[in-house]
Structures are given as C-alpha cells and as structure tokens.
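Undergrad: here you go, sequence then predicted model.
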Amino acid sequence: MEMEDALPIRDDFLIPGHELWFTASRSGGPGGQHVNKTNSRVTLHWDLAHTTVVDEELRERLLLRLGHRLTAQGVLMVDVDTERSQFRNRELARQRLAQLVRAALREPRKRVPTKATQGSHRRRLAAKTLRGKIKQARQRPTGADD
C-alpha cells in the first residue's frame with residue numbers, strides 16, 4: 001500500500017497506509033459457484049501494539065477499549081464479507097476500522113452525580129410506611145386473651 005492509502009480517523013490522526021495490510025479468503029454463505037471460486041472476504045490488519053502514529057496515552061486507551069478485538073500480538077483485525085466484490089469489501093473494511101478507532105478514541109462523558117428529588121424521597125418513605133403497615137397487619141393481634 002502507498003502513503004496515499006492513509007486512513008483518516010480524525011483531523012489530527014490518520015493511519016499511514018504502510019501500517020495497514022489486507023488478506024483475502026473465501027467467503028461463506030450463499031452465492032453458488034461464485035462463492036466457491038473467489039476470495040472475496042477481506043481481513044484488514046493494523047498492528048496497534050507497534051504502531052508509530054499514536055502516543056502512549058492513546059495507545060493505552062485503544063488497547064483497553066479494543067482489547068477484545070486484538071490478537072495476542074496486538075493486531076487489530078476487521079473482517080468483511082458482506083459484498084461479492086473484494087474491492088468493495090476492502091473499502092468497507094477501511095470504513096469499519098476507522099469507525100472502531102474513532103469510537104475507541106472518544107472520551108467518555110463524566111458522570112454528574114445527582115440528588116434524589118424531594119418528591120421521590122417522599123414517595124420512597126411513603127412506600128416503606130405502607131409496606132410496614134401491610135406486614136404489621138399480617139401479625140397475630142395482641143390483646144385480651146379470652
């Protein structure tokens with residue numbers, strides 16, 4: 001692959017083409033004789049563990065978020081076999097890799113802790129009181145024994 005095949009992720013980050021490589025294999029599923037003769041399934045590989053385009057902080061975030069998709073050597077693989085054309089599957093694989101990396105790079109939103117409203121507090125206490133009364137009504141009545 002040439003450098004013009006670089007994969008843009010966002011404005012300040014792109015994966016150079018020389019770090020990406022494809023492998024092709026036979027695709028499963030229906031398709032008759034065509035599917036048995038052509039290698040239209042595409043797997044796009046990116047060596048995330050040894051890439052030069054991310055700093056250590058970004059690499060750690062990517063490894064953490066994409067860890068379940070990585071091989072033991074730290075290679076991220078994306079399989080595509082939705083189209084009959086290998087060329088189209090290559091383009092889809094590039095798009096899916098870009099989406100995966102974009103999603104992994106996104107900063108998670110900070111959770112803003114909230115207080116319970118007065119109404120919800122009152123309703124909770126009223127429900128507890130009612131539950132206590134129901135349980136008390138089940139008990140044997142105490143009083144004068146005849």
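TA: Structure received.

Undergrad: contacts, neighbours, all on C-alpha from now
TA: Noted.

Undergrad: strands of the chain, start to end?
TA: Taking DSSP state E as the test, the strands found in the chain are 7-10, 13-15, 20-25, 41-47, 75-80.

Undergrad: the last one versus strand 20-25: what angle between them?
TA: This points to strand 75-80. Put simply, strand 75-80 runs at 50 degrees to strand 20-25, going by axes from the mean of the first three to the mean of the last three C-alpha atoms, to 10 degrees.

Undergrad: in stretch 19-39, what's buried?
TA: Using 16 or more other C-alpha atoms under 10 Å as the test for burial, stretch 19-39 gives Glu19, Leu20, Phe22, Ala24, Ser27, Val35, Asn39.

Undergrad: quick one: Arg69 from Leu100, how far?
TA: 10 Å (C-alpha to C-alpha, to the nearest Å).

Undergrad: the two: which is more packed in?
TA: A direct count of neighbours by other C-alpha atoms under 10 Å for Arg69 and Leu100 places Leu100 higher, at 17 against 13.

Undergrad: out of the strands of the chain, which gets nearest to Leu63?
TA: strand 75-80 (9.4 Å; C-alpha to C-alpha).

Undergrad: who are the packing partners of that closest one?
TA: The contact analysis (3 or more C-alpha pairs under 8 Å, 6 or more residues apart in numbering; DSSP states H and E) places strand 75-80 against strand 41-47, helix 86-105.
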